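**Q** could you work out the structure for the sequence below:
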Amino acid sequence: MSQKVVVIFSGGMDSFTVLNLAVKQGLEVFSLSFDYGQRHKKELDYADRACKTLNVHHKIVDISAINQLIGGSSLTSDIDVAEGHYEEQSMKSTVVPNRNMILLSMAVGYAVSIEANQVYYGAHSGDHAIYPDCRPEFVHKMNDVCAIANYEAVEIVTPYLEVSKTAILTAGLAMGLDYNQTWTCYNGREKACGKCGACQERLEAFSENGVSDPLDYEG
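**A** Coordinates of the predicted model:
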């Protein structure tokens, strides 16, 4: 039997690449998506379709009630999403307090329950500037905790932790992945805005790879 792993899958291009990498490695993938009240809930529709295409196990879990405790982010509260690159201080408004620790904790619990010993997620170097819960030191400490939090140790796996989104896209294109199956924009409108940090970093990655982004953008 193949090894079971849990992949946290938002529906975005980073976790889409991680998901496909795990599948291509011959692992038995259990994909896990979260509705945490994000304004770009549209990403969950993309996640669902991608998992059906890959024929992998998929759960979408509604944890939106946590917004009673962790408001204040432009992704979950009535605050405009800032425009500009991730390096800009204004993009800190998109930080959801403790999000990845919460999501990883639930994913680890799921892994223990299905006898999987790894949880994959798509943190990368482009996130390090403003997202503390995507930095190497966070991942390393989470691994320390997840080794002792249950009777069964679970490893947090971040294949692209030290590389850029451009490099992730390069790897995905080499795998023949179709990024029209992903949603990145923090605004969940009909088309991607092209102006938020998520869109700008995505467009930059495609430009640096010398290919066109297949997603539709406003304007």
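
**Q** just give me how far the lengthiest strand in the chain sits from the chain centre.
**A** Using DSSP state E, we find that the single longest strand of the chain is strand 28-35. Per Cα atoms, centre = their mean, to the nearest Å, the displacement of strand 28-35 from the mean C-alpha position of its chain is 11 Å.

**Q** contacts for it, please.
**A** 1-11, 19, 22-23, 41, 44, 47-48, 51, 54, 56-64, 103, 106-107, 110-111, 114, 116 (Cβ atoms under 8 Å, 6 or more residues apart in numbering). For the C-beta atoms, the positions are set from N, CA and C on the backbone; glycine is no exception.

**Q** which ones among those are found in helices?
**A** 19, 22-23, 44, 47-48, 51, 54, 103, 106-107, 110-111, 114 (DSSP state H).

**Q** now list the buried members of the residues you listed.
**A** Neighbour counting with 16 or more other Cβ atoms under 10 Å marks 19, 22-23, 44, 47-48, 51, 54, 103, 106-107, 110-111 as buried within the ones in helices among the contacts of strand 28-35.

**Q** out of the residues you listed, who's nearest C134?
**A** L103 (11.7 Å; Cβ to Cβ).

**Q** that closest one reaches F9, doesn't it?
**A** No - look at L103 against F9 with Cβ atoms under 8 Å: they stay out of range, at 10.8 Å.

**Q** sec struct for V211, please.
**A** What DSSP: H, G, I helix; E, B strand; the rest coil gives for V211 is coil.

**Q** distance-wise, check it relative to A205.
**A** V211 is 10 Å from A205, where distance means Cβ to Cβ, to the nearest Å.

**Q** OK, contacts around L173?
**A** So L173 contacts N209, V211 (Cβ under 8 Å, 6+ apart).

**Q** next one: it from N209, what distance?
**A** For L173 relative to N209 (Cβ to Cβ), the value is 6 Å.

**Q** do the same with D45
**A** 25 Å.

**Q** low pLDDT regions in this structure?
**A** 1, 39, 70-96, 126-130 (pLDDT under 70).

**Q** can you do 80?
**A** Scanning the chain for pLDDT under 80 picks out the ranges 1-2, 37-40, 67-98, 126-131, 188.

**Q** now the strands for it?
**A** Going by DSSP E, the chain shows strands at 4-8, 28-35, 57-62, 118-120, 155-157.

**Q** for N143, which of those strands is the nearest?
**A** From the strands of the chain, taking Cβ to Cβ, the stretch that ends up closest is strand 155-157, at 5.0 Å.

**Q** can you list contacts of the closest one?
**A** 5, 104, 108, 117-121, 139, 142-143, 146-147.

**Q** repeat for stretch 42-51
**A** When contacts are defined by Cβ under 8 Å, 6+ apart, stretch 42-51 is touched by residues 9-12, 16, 19, 31, 33, 35, 57-58, 60, 181-184, 188.

**Q** cutoff 7 Å now
**A** With Cβ atoms under 7 Å, 6 or more residues apart in numbering as the test, stretch 42-51 has contacts from 9-12, 16, 31, 33, 35, 58, 60, 181-183, 188.
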